[in-house]
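> coordinates for the following, if possible.
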Amino acid sequence: MGPPSSSFDIILRPHRSLSPAGFWVVMGILAAWSFIGGIMFLAVGAWPVIGFFGIDVVLVYWAFRASYGDRRAHERLQIKDGTLFVHKVDKRGAEEQFSFPSYWLRVTLEESANGPERVILSSHGRSLVVGAFLPPDERAHLARELSGALQRAKAAPAS
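Take a look at the predicted model:
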């Protein structure tokens, strides 16, 4: 029995701090708060203010929806048969695919004063940034894991 055909397979997704259920809870609280505030202003005769309370709910809803719009974005990194395949999907669903021979591939973690800045894959004059949407600690973890997987792939006997 030969070595496994895929020794590394990971999907990277942007972090979402609020679940869909949490979004509806926040929107419900905001709508209730705005409704109560609008009624209070109506009671004191400031009826034009009611419209502004409705507008703020709509704007917050729109901002959250725009933020969640990139939920389709992801990157898949897979080492298979001596090649690293990178499949990128942006927030609009447009796909790009890249491949690098794993033996010659170099993983570089660019650092700045703020911590890990970028994970760069480079081979034969080509380079590609991966995991740009990840927080700095996850970028560092990705670079370590990918470097380790590439070392194991280089050490594996050819099939």
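
> pLDDT-wise, which helix or strand of this protein ranks last?
Using mean pLDDT, DSSP states H and E, the weakest-scoring helix or strand in the chain turns out to be strand 6-12, at a mean of 82.

> next, the buried residues of the helix or strand following that one.
Sequence-wise, the next helix or strand downstream of strand 6-12 (DSSP states H and E) is helix 20-43. Residues of helix 20-43 classed as buried: 23, 31, 34, 38, 41 (neighbour count, 16 or more other CB atoms under 10 Å). (Each C-beta comes from the backbone N, C-alpha and C, glycine too.)

> residues near Ala73, how many?
Neighbour count of Ala73, defined by other CB atoms under 10 Å: 17.

> can you start the count at 26 instead of 1 from here on
Will do, 26 is the new start, and the previous item becomes Ala98.

> my guess is it contacts His112. True?
No. The pair Ala98 / His112 is not scored as a contact, 11.9 Å apart, by CB atoms under 8 Å.

> name the SS class of Leu134, please.
What DSSP: H, G, I helix; E, B strand; the rest coil gives for Leu134 is strand.

> show me what it is bridged to.
Val144 (DSSP bridges).

> surely Arg96 and Arg41 touch.
Yes. Under the criterion of CB under 8 Å, Arg96 makes contact with Arg41 at 7.1 Å.

> now stretch 157-177: average pLDDT?
Across stretch 157-177, the average pLDDT comes to 90.

> and that stretch, how far out from the chain middle?
14 Å (CA atoms, centre = their mean, to the nearest Å).

> now distance to Gly173 and pLDDT too, for the buried residues of helix 45-68, in JSON lines please.
Shown next, in JSON lines, are these (distance: CB to CB, whole Å; pLDDT from 0 to 100):
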{"residue": "Phe48", "distance to Gly173": "37", "pLDDT": "88"}
{"residue": "Ala56", "distance to Gly173": "49", "pLDDT": "92"}
{"residue": "Ser59", "distance to Gly173": "51", "pLDDT": "91"}
{"residue": "Gly63", "distance to Gly173": "57", "pLDDT": "89"}
{"residue": "Phe66", "distance to Gly173": "61", "pLDDT": "89"}
